[in-house]
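**Q** Build me a model from this:
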Amino acid sequence: MRNPAPPSAPLSWGSYWNRAGLWAQLSSIYRRLFAQREVRKYCDREFAQAGWFMEAGCGSGESAVRIPRRQRRFIALDLAAGALLRARTVGFYDQFLLGDLLRLPLATGSLDGIWNVGVMEHFAPADMPAACQELLRVLKPGGKLCLFWPHTLSPTHLVFGQVQTMVQNFKPDFSFFPPSPSMLTPFNRPDTATMLRTCGASAVRFHLSWVGGGLHYLVAVTK
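**A** Below you'll find the model as predicted:
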């Protein structure tokens, strides 16, 4: 009798951005048809018209390209080198940084705004305060965070959750994304707002973004 195979490691971001095939194509279509629209709308509305702004977890960069430039300069930061290689191809960003959101390679108070799409839910709850403190650290006073944060009741999450469960019956190590332990729920938004204020936010607002297909809440944070 053979010993059971050891459990597989969770999908890493390096592996995720090196994927090809149908799932990669569908993800790209979503970013171009839906995420671009919500990122353009809310980032242009929330951010000042001039200054330095960073996508903290830029991925492929596809969701960012329609933000009006005005007098803004844009930085792409990601933990995965493969993601930055993709982001360089979209012709949008002014600078690129390979780095960890928990240890941003930037001076305190150096940015006017930060945004990300589908990033915050991947932090373990124990790491979330440190991640938010670090984002707020590098913002100038009055700077803005635009966090496009997935929630558990989104149609996309419900559908893909069911599909992932069915596939795992045949391929137990299958996952669409790296682990997502910190999705927003109908019950944890007040605690999330309290945590952000404890980390240094002066104001926190939640807005369900139907522009992006209802997948995300915009969590708009002012330092």
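
**Q** got the contact list for the residue nearest the centre of the chain?
**A** The centroid of the chain falls nearest to Val119 when counting by CA atoms, centre = their mean (2.6 Å). Residues counted as contacts of Val119 (CB atoms under 8 Å, 6 or more residues apart in numbering) are 56-57, 101, 147. Quick note: C-beta positions are derived from backbone N, CA and C, even for glycine.

**Q** can you tell me which two in the residues you listed are farthest apart?
**A** Pairwise distances across those peak at 11.4 Å for Leu101 and Leu147 (criterion: CB to CB).

**Q** between the two, who's got more neighbours?
**A** Shown here are Leu101 and Leu147; by other CB atoms under 10 Å, Leu147 has more neighbours (26 against 22).

**Q** State the distance from the residue nearest to the more buried one when sequence neighbours are not counted to Gly200.
**A** Leaving out its chain neighbours, the residue that sits closest to Leu147 by CB to CB, 6 or more residues apart in numbering is Val219, at 4.1 Å. Separation of Val219 from Gly200 (CB to CB, to the nearest Å): 15 Å.

**Q** closest to Ile114 among the contacts of Val119?
**A** Ala56 (5.2 Å).

**Q** how about the helices in this structure?
**A** With helices called from DSSP state H, the chain shows them at 13-17, 22-30, 36-46, 81-87, 128-137, 155-168, 189-198.

**Q** show me where pLDDT drops low in the chain?
**A** 1-24, 26-27, 155-168, 171, 173-178 (pLDDT under 70).

**Q** how about the strands in it?
**A** Along the chain, counting by DSSP state E, strands occupy 50-56, 71-78, 95-98, 111-117, 139-150, 203-208, 216-222.

**Q** Could you look over the ones you listed and pick the most buried one?
**A** Sort the strands of the chain by mean neighbour count, taking mean count of other CB atoms under 10 Å, and strand 111-117 sits at the top with a mean of 24.

**Q** Report all helices and strands that it contacts.
**A** Applying 3 or more CB pairs under 8 Å, 6 or more residues apart in numbering; DSSP states H and E, one finds that strand 111-117 makes contact with helix 36-46, strand 50-56, strand 139-150.
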